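Asks: Here is my input, please return the structure:
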Amino acid sequence: MKHNAWKESFMRGVFFIAACASVLAVALICIFLFANGLPAMKEIGFGKFLSGTLWRPKNNIFGILPMIVGSLYVTAGAIIFGVPIGILTSVYMAHYCPKQIYRPLKMATELLAGIPSVVYGFFGLVVLVPWIRNIAKSLQHAGIIRQSGNGNSILTASLLLGMMILPTIIGVTESAIRAVPPQYYEGSLALGATHERSIFRTVLPAARSGILAGVVLGIGRAIGETMAVIMVAGNQPRLTGSIFKGVRTLTANIVIEMGYAADLHREALIATGVVLFVFILIINAAVAILKRRADYE
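Replies: Just a heads-up that it's a prediction; the model follows:
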């Protein structure tokens, strides 16, 4: 008995240390970002830094509004393309997929998660960029848009990120759907509902917490992606209203310039990381509130 009690106390201590290590890692990251980023934002001016439309480090002009808007555009596009496909794929794998197809399909989705970002970037550069460029030229000839661009655009980055977040959404959503007790589905059928109605009106609402978790992880992957976005988004720090124009995201801005940045320029890039970190916190908080309301209802 004493040996078991000692072992239980030891394992409790190990788990406590592991939990503290996670909290400590987050705390250290927060301290580093805010300690180095906030002084730069204060020196530049919070308003000028967040709402400025020009990014010219050589002239000590640091406005990240184009990068904020670019990140929002690209992330929103990835959500529009990736979330519906990911959820519908999860439904198919959980309730429609034949056994002989399930294993290859599952392996394919897991393989998507293991492909490096730079490989996704090469695929986008070789396949998606020319494809989007040809579509834009066709729309320009038809008089629908004024300028076609070169294919490095918001639309290209959104499509690519939509593909990259699929394995995250599919994996988490499928697990959430399979975790719903089968009595929910069977009870709905017993009440006269069809197969599709039972899934979309009973099973999916019961799994909404897990589905929201998958969507949040996908959003985090999209807003934090760097290498693939750099290769296909155009990297142009400007405001644009066309999905066929290039933009620069917050992450791309940091990676592109951090290698040679110094003094205020370097601190401004760290401040950009602070803004990105705050965005992630806002997204997580908003989804947590939505989840709480959904559970309450």
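
Asks: from here on, contacts and neighbour counts on C-alpha atoms
Replies: Will do.

Asks: Now do the strands in the stretch 51-200 of the chain.
Replies: All strands of the stretch 51-200 of the chain, identified by DSSP state E, counting those that start in this stretch, fall at 55-56, 61-62.

Asks: Identify, out of those strands, the most deeply packed stretch.
Replies: Mean neighbour count (mean count of other Cα atoms under 10 Å) peaks for strand 61-62 among the strands of the stretch 51-200 of the chain, with a mean of 21.

Asks: What strands flank it, and is each parallel or antiparallel?
Replies: strand 55-56 (antiparallel) (DSSP bridges).

Asks: Need the strands of the stretch 51-200 of the chain in a markdown table (columns: distance to residue 232 and mean pLDDT).
Replies: Converted to a markdown table, those look like this (distance: least, Cα to Cα, whole Å; pLDDT from 0 to 100):
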| stretch | distance to residue 232 | mean pLDDT |
| --- | --- | --- |
| strand 55-56 | 20 | 88 |
| strand 61-62 | 24 | 88 |
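
Asks: Can you add distance to residue 170 and give these back as TSV?
Replies: Conversion of those to TSV gives the following (distance: least, Cα to Cα, whole Å):
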stretch	distance to residue 170
strand 55-56	38
strand 61-62	39
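
Asks: so which of those gets nearest residue 136?
Replies: strand 55-56 (27.6 Å; Cα to Cα).

Asks: List the buried residues for the least confident helix or strand in the chain by mean pLDDT?
Replies: Scoring the helices and strands of the chain by mean pLDDT, DSSP states H and E places helix 263-296 at the bottom, with a mean of 81. Buried residues in helix 263-296, counted by 16 or more other Cα atoms under 10 Å: 264-277, 279-280, 284, 287-288, 291.

Asks: Show me what that helix is packed against.
Replies: Counting by 3 or more Cα pairs under 8 Å, 6 or more residues apart in numbering; DSSP states H and E, the packing neighbours recorded for helix 263-296 are helix 2-44, helix 208-224, helix 250-258.

Asks: most tightly surrounded among these?
Replies: helix 208-224 (a mean of 22).

Asks: Quick one: distance of stretch 9-16 to the chain centre.
Replies: 34 Å (Cα atoms, centre = their mean, to the nearest Å).

Asks: Report the backbone C-alpha coordinates of that stretch in CSV.
Replies: Below are the C-alpha coordinates for stretch 9-16, written out as CSV (Å, rounded to 0.1, in the frame of the first residue of the first chain):
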residue,chain,number,x,y,z
SER,A,9,2.3,10.7,-5.4
PHE,A,10,5.3,10.6,-7.7
MET,A,11,3.2,10.4,-10.8
ARG,A,12,1.1,13.2,-9.6
GLY,A,13,4.2,15.3,-9.2
VAL,A,14,5.4,14.4,-12.7
PHE,A,15,2.0,15.4,-14.2
PHE,A,16,2.1,18.7,-12.2
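
Asks: Kind regards, and thank you for your time.
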